[in-house]
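Q: got a predicted structure plus its sequence, pasted below:
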Amino acid sequence: MPLPQAGRMTHAHDPFDRAYWEERYGAPGLTWTGKPNAVLVDEATSLKPGRALDIGSGEGGDALWLAGLGWAVTGVDISQNALDKARGRAEEVGLAVTWEQHDLTEWTPEPQTFDLVTAHFMHLADPARSVLFRALAAAVAPGGTLLIVGHDVTGHDEHRDHMAHLMFGVDDVLAAIDGEGLRVHVAESRARREGELRDIVVRATR
Ligand SMILES: C[S@@+](CC[C@H](N)C(=O)[O-])C[C@H]1O[C@@H](n2cnc3c(N)ncnc32)[C@H](O)[C@@H]1O
């Protein structure tokens, strides 16, 4: 998934606020591929379905894939336009997903509730990012899994320069979730199967 481009920033203070995302998802068609993220498929295919929370669920590519495997999924996003598109896609294929509109700088999930908490490309500025990642770790039920994936822009100067405050590394995630009682299994920068992009991947369990 590409990062939002600077040319699309229309809001002076927080360029990626709700208005930005509503405008972006208000455009016709899909913003992303509609498919699940490859890291989610790699890391979650073997998990036993239970309750899943998809953070920043967008148009629902990940949430719908999980629901198709039998997960009871809650998708959370700041954009009602995104959630409406996701809901429409779910209805088209006959899948039930709970869609909730929340600003993740103001809302946190119930502790120890979800068997899978997954966040793909949820790039907030600190301290909101660390607060969110800690809350996501806390939301993992006993036996459950936390999966956090982000853009690794190391070496991509055009992204690093103007969006450095939104970027994070493995160590930032580990510091945020430290003390929440999770065991870390994966903490790495991983090359995508195609192209030159790399992802920050952290998977941990309670
Ligand atoms: C880069 S997109 C990733 C979408 C999806 N996870 C995927 O991988 O296809 C980031 C998503 O986070 C949502 N988002 C951004 N800021 C948010 C916030 N403060 N609270 C909730 N969702 C937010 C956006 O609306 C957008 O859908």
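A: Yep, that arrived.

Q: tell me the average confidence for the longest helix along the chain?
A: Ranked by residue count and defined by DSSP state H, the top helix of the chain is helix 80-93. Taken as a whole, helix 80-93 carries a mean pLDDT of 97.

Q: again with stretch 165-172
A: pLDDT averaged over stretch 165-172 gives 92.

Q: where along the protein do the strands fall?
A: Along the chain, the stretches classed as strands by DSSP state E are 51-55, 72-77, 98-101, 114-120, 140-152, 183-191, 198-205.

Q: next, see if the third one gets close to the ligand.
A: Same thing as strand 98-101. No: Strand 98-101 does not reach the ligand (C-beta under 6 Å from any ligand atom); its nearest approach is 8.2 Å. For the C-beta atoms, the positions are set from N, CA and C on the backbone; glycine is no exception.

Q: please identify the buried residues of that strand?
A: Neighbour-count burial for strand 98-101, counted by 16 or more other C-beta atoms under 10 Å, picks out 99, 101.

Q: residue numbers of the protein in contact with the ligand?
A: So far as C-beta under 6 Å from any ligand atom goes, the chain lies against the ligand at 1, 16, 21, 32, 37, 56-58, 61, 77-79, 82, 103-105, 120-122.

Q: of these, buried ones?
A: Buried among these (16+ other C-beta under 10 Å): 16, 21, 32, 37, 56-58, 61, 77-79, 82, 104-105, 120-122.

Q: among the residues you listed, which are in helices?
A: 21, 61, 82.

Q: nearest to the ligand among those?
A: residue 21 (3.6 Å; C-beta to the nearest ligand atom).

Q: residue contacts, the closest one?
A: Residues near residue 21 by C-beta atoms under 8 Å, 6 or more residues apart in numbering: 77-79, 81-82.

Q: just residue 128 next, same as before
A: For residue 128, the contacting residues are 104-105, by C-beta under 8 Å, 6+ apart.

Q: if I look at it, how far off is residue 89?
A: 28 Å (C-beta to C-beta, to the nearest Å).

Q: could you do residue 81 as well?
A: 13 Å.

Q: cool, and residue 147?
A: 22 Å.

Q: sorry, back to before: any chance of the strands of the chain in a markdown table, with mean pLDDT and distance to residue 45 too?
A: Output for the strands of the chain, formatted as a markdown table (pLDDT from 0 to 100; distance: least, C-beta to C-beta, whole Å):
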| stretch | mean pLDDT | distance to residue 45 |
| --- | --- | --- |
| strand 51-55 | 98 | 13 |
| strand 72-77 | 98 | 15 |
| strand 98-101 | 98 | 22 |
| strand 114-120 | 98 | 12 |
| strand 140-152 | 97 | 12 |
| strand 183-191 | 96 | 14 |
| strand 198-205 | 96 | 13 |
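
Q: make JSON lines from those strands and add distance to residue 166 to it.
A: JSON lines is the format used below for the strands of the chain (distance: least, C-beta to C-beta, whole Å):
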{"stretch": "strand 51-55", "distance to residue 166": "15"}
{"stretch": "strand 72-77", "distance to residue 166": "17"}
{"stretch": "strand 98-101", "distance to residue 166": "21"}
{"stretch": "strand 114-120", "distance to residue 166": "14"}
{"stretch": "strand 140-152", "distance to residue 166": "9"}
{"stretch": "strand 183-191", "distance to residue 166": "17"}
{"stretch": "strand 198-205", "distance to residue 166": "12"}
